[in-house]
Structure formats: C-alpha cells, structure tokens
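Chemist: Quick check, what structure comes out for this input:
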Amino acid sequence: PHLIWVPGGDADVLAAIIADKESPFTAYVTQAGSQAGSQAEWVCSVCEGAVLLANTGLLNGHTITTHWAF
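Modeler: Next up, the predicted model:
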C-alpha cells in the first residue's frame, strides 16, 4: 500500500493486540510498512493508533506525538 492509517480504539482491544505476539494486524502492518521495495510512503495513526504502530517497530528512530494520556 502507499498509505497505512492506524486508528485508535478501545484500550482493552489495543492491549489485546499488543499482547498477542502472533497478531495478524501487527504482522500485516509491520510487513506492509517495511517490506523492501514496496515500503509505504505514508504510515500514519490517529490518537492511540500510535501505540499500535510503536508495537510494530515502524516508529523506531522517529519523533512522534499522541494524546497526553498515552
């Protein structure tokens, strides 16, 4: 994809995705956002979606911001 957009959501659902080391969501976003030769041009999130992106490692080395509670 050219763009990956990750929304926030219910805190319990986000925690379950992060805790699941075999999460299909995390695997797809990681692969689609970093695959050599087809890296997404934009990887974006809204609110707590930044926490999900951080879990993929795609934010490593970048300065980010999110809601003050997170």
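Chemist: what comes up buried for the host helix or strand of Val43?
Modeler: Val43 is located in strand 42-45, with elements delineated by DSSP states H and E. Using 16 or more other CB atoms under 10 Å as the test for burial, strand 42-45 gives Val43, Ser45. (Each C-beta comes from the backbone N, C-alpha and C, glycine too.)
Chemist: How about stretch 18-26?
Modeler: For stretch 18-26, by 16+ other CB under 10 Å, it's Ile18, Ser23, Thr26.
Chemist: ranges for the helices of the protein?
Modeler: Remark: helices assigned in the chain by DSSP state H are 11-19, 24-34, 49-56.
Chemist: Can I get those helices in a markdown table including distance to Trp42 and mean pLDDT?
Modeler: A markdown table is the format used below for the helices of the chain (distance: least, CB to CB, whole Å; pLDDT from 0 to 100):
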| stretch | distance to Trp42 | mean pLDDT |
| --- | --- | --- |
| helix 11-19 | 21 | 91 |
| helix 24-34 | 10 | 88 |
| helix 49-56 | 12 | 89 |
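Chemist: Would you mind finding the most buried of the ones you listed?
Modeler: Neighbour counts (mean count of other CB atoms under 10 Å) averaged over each of these peak at helix 49-56, with a mean of 20.
Chemist: so what does it touch, helix or strand wise?
Modeler: On a contact count with 3 or more CB pairs under 8 Å, 6 or more residues apart in numbering; DSSP states H and E, helix 49-56 meets strand 3-6, helix 11-19, helix 24-34, strand 42-45.
Chemist: could you give the angle of the longest one to helix 11-19?
Modeler: What that stands for is helix 24-34. 70 degrees (axes from the mean of the first three to the mean of the last three CA atoms, to 10 degrees).
Chemist: who's in contact with helix 24-34?
Modeler: Contact with helix 24-34 is made by 1, 4, 6, 17-18, 20, 38-40, 43, 52-53, 55-58, as judged by CB atoms under 8 Å, 6 or more residues apart in numbering.
Chemist: Pick the one among those residues closest to Thr65.
Modeler: The closest of these to Thr65 turns out to be Leu53 (CB to CB; 12.3 Å).
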